[in-house]
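> Quick check, what structure comes out for this input:
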Amino acid sequence: MADSLEFTRKEFPFLRREIDGRPIVYLDSASTSPKPQCVIDTVNGVYQHTAANVHRGIHTVADEATEAYENARREVAKFLNASPSEIIFTRNATEGINIVANGLGLMPDDEVVLTPAEHHSNYLPWRLRARIVPVGLSTDGFPIYADLQKVISLHTKIITLAHISNTTGIIAPVEHWVEAAHSRGLPVLIDAAQSASHIPLDVRALDCDFLVLSGHKLLGPSGIGVLYGKRERLAKLSLYQTGGGMVRYHSEDRFEVQDVPQRFEAGTPNIEGAIGLGTAVKWLRSLGMERIMAHSKSLGRQLVHGLETIPGIHIIAASAPLESRIGLVTFNLKVPGFSQDALARLLCDRYQILVSGGFHCAHILHHRLGFEGTVRISTHVFTTHEEIDKVLSALHELTDTYCR
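Numbering: from 1, shown residues only. Prediction:
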């Protein structure tokens, strides 16, 4: 099967890594993604040529640092079809969600509607401040998105969901959720941590009120993320942190904060991370997000079809339509004497295939399904169909060896 994006593999130095003298097969990009050489060069360039803070110094190097940082904000805005003034740099998607959860002034009797498949980062920040109301879940782990209207109440204050679940790999019908929420005057937060580097994102078309993403899953550096918000929504959020950079004026009797987005970027930011993220999203845009989506969906179809031929396997959300799945599949495979963690480790130690094993920060979903862990295979732009064949062959060999 042809791989239209196979040429990108040469851009990733990490993919030349070997374990025990054999090349790796990296299928754990949902946890974190390797970085292309252009991102590595960008971050190194910041360290080599810039030693200044942003929005502070009054000299040439400080001006250069600020311009590079703000240019990264502009790149991210283009990537999302947003305005730069709507882009807040955070540590990660988790911090973005916490900023919103903290800023809405939620009370214990308020309700937040979401799905049982949400990542901990889109569950716990709301749970600390309000009452969680999840939609239903099918017996195979597919969220019943159509339940939304049934669970919205007069106490609902916000609706949130993953654009693509990090456990199901399913593209959620976010447009329908946004429309239903807005018909009742409710805001919507979309967790785009998994979707950002697999499918096109357009916050104007989605009409979401907030959206978060993490750089490290987007071929960018760790420790950098983005909170997008409609400007009027961001302006109403209470302050999350205070300190240098976010204040316009400070005297003994009062202080004035900066406008959005700087009001939410207290302290010295992750300058090199933001600039590196700008390079990552620019590189992805150069490949074409529609092209990337087609590649990811093709890998997802191959994974599901191949895994279904393995006896005793249970694929999470197997009932979901294939056209709604990216190249991410999570499954439980009973192999005598092996936990799902151990099965993932065996794939690494015996076959040099790197996948994820465990709960994938989705304990609620696993508890509902009665699984003490699962194995997750996740792909990216550089993944080939040949690599999917390798992991499928390895799983067949393991079941033939241990399940007879």
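> any idea how far Pro173 is from Asp147?
Distance, Asp147 to Pro173, by Cβ to Cβ, to the nearest Å: 12 Å. All C-beta spots, glycine's among them, are computed from the backbone N, C-alpha and C.
> And the residue nearest the centre of the chain, how far from Pro134?
Centroid check for the chain by Cα atoms, centre = their mean gives Ala193 as the closest residue, at 1.4 Å. Counting by Cβ to Cβ, the separation of Ala193 from Pro134 is 19 Å.
> buried stuff in stretch 16-30?
Neighbour counts over stretch 16-30 (16 or more other Cβ atoms under 10 Å) mark 24-30 as buried.
> could those go into JSON lines alongside secondary structure, distance to Glu232 and pLDDT?
Output for these, formatted as JSON lines (DSSP: H, G, I helix; E, B strand; the rest coil; distance: Cβ to Cβ, whole Å; pLDDT from 0 to 100):
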{"residue": "Ile24", "secondary structure": "coil", "distance to Glu232": "47", "pLDDT": "98"}
{"residue": "Val25", "secondary structure": "strand", "distance to Glu232": "47", "pLDDT": "98"}
{"residue": "Tyr26", "secondary structure": "strand", "distance to Glu232": "42", "pLDDT": "98"}
{"residue": "Leu27", "secondary structure": "coil", "distance to Glu232": "42", "pLDDT": "98"}
{"residue": "Asp28", "secondary structure": "strand", "distance to Glu232": "39", "pLDDT": "98"}
{"residue": "Ser29", "secondary structure": "coil", "distance to Glu232": "35", "pLDDT": "98"}
{"residue": "Ala30", "secondary structure": "coil", "distance to Glu232": "33", "pLDDT": "98"}
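> And those, which is closest to Arg74?
Taking Cβ to Cβ as the measure, Arg74 sits nearest to Ser29 out of those, at 26.0 Å.
> quick one: contacts for the residue nearest to the centre of the chain?
93, 119, 121, 162, 166, 212-214, 217 (Cβ atoms under 8 Å, 6 or more residues apart in numbering).
> What is the nearest of the residues you listed to Gly337?
Using Cβ to Cβ, these come closest to Gly337 at Asn166, 27.8 Å.
> ok so, going back, as TSV, the contacts of Ala193 with neighbour count and pLDDT would be great.
As requested, the contacts of Ala193 are exported to TSV (neighbours: other Cβ atoms under 10 Å; pLDDT from 0 to 100):
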residue	neighbour count	pLDDT
Ala93	28	98
His119	22	98
Ser121	21	98
Ala162	28	98
Asn166	27	97
Val212	30	98
Leu213	31	98
Ser214	28	98
Lys217	26	97
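> quick one: the strands in the stretch 251-400 of the chain?
255-257, 313-315, 328-333, 353-354, 356-358, 374-378 (DSSP state E, counting those that start in this stretch).
> would you list these in TSV and tack on mean neighbour count?
Putting the strands of the stretch 251-400 of the chain into TSV (neighbours: other Cβ atoms under 10 Å) gives the following:
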stretch	mean neighbour count
strand 255-257	13
strand 313-315	18
strand 328-333	24
strand 353-354	21
strand 356-358	20
strand 374-378	27
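> Any chance of a markdown table for the ones you listed, columns mean pLDDT?
A markdown table is the format used below for the strands of the stretch 251-400 of the chain (pLDDT from 0 to 100):
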| stretch | mean pLDDT |
| --- | --- |
| strand 255-257 | 93 |
| strand 313-315 | 97 |
| strand 328-333 | 98 |
| strand 353-354 | 98 |
| strand 356-358 | 98 |
| strand 374-378 | 98 |
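> Figure out which of those strands is closest to Ser298.
strand 328-333 (12.9 Å).
> by how many degrees do that closest one and strand 374-378 diverge?
150 degrees (axes from the mean of the first three to the mean of the last three Cα atoms, to 10 degrees).
> which neighbours does strand 328-333 have in its sheet, and in what orientation?
strand 313-315 (antiparallel), strand 374-378 (antiparallel) (DSSP bridges).
> gap between it and the chain center?
Its chain's C-alpha centre and that of strand 328-333 lie 18 Å apart, by Cα atoms, centre = their mean, to the nearest Å.
> contact partners of it?
With contact meaning Cβ under 8 Å, 6+ apart, strand 328-333 is reached by 30, 164, 166-169, 194, 300, 303-304, 307, 310, 312-316, 340, 343, 360, 369, 371, 373-379, 395, 399.
> Now, those residues that are in helices?
300, 303-304, 307, 340, 343, 369, 395, 399 (DSSP state H).
> Those residues into JSON lines, with extra columns for distance to Ser324 and neighbour count?
Listed next are the ones in helices among the contacts of strand 328-333 as JSON lines, based on distance: Cβ to Cβ, whole Å; neighbours: other Cβ atoms under 10 Å:
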{"residue": "Gly300", "distance to Ser324": "9", "neighbour count": "25"}
{"residue": "Leu303", "distance to Ser324": "14", "neighbour count": "27"}
{"residue": "Val304", "distance to Ser324": "11", "neighbour count": "18"}
{"residue": "Leu307", "distance to Ser324": "17", "neighbour count": "21"}
{"residue": "Gln340", "distance to Ser324": "25", "neighbour count": "24"}
{"residue": "Leu343", "distance to Ser324": "27", "neighbour count": "22"}
{"residue": "Leu369", "distance to Ser324": "19", "neighbour count": "18"}
{"residue": "Leu395", "distance to Ser324": "24", "neighbour count": "25"}
{"residue": "Thr399", "distance to Ser324": "28", "neighbour count": "17"}
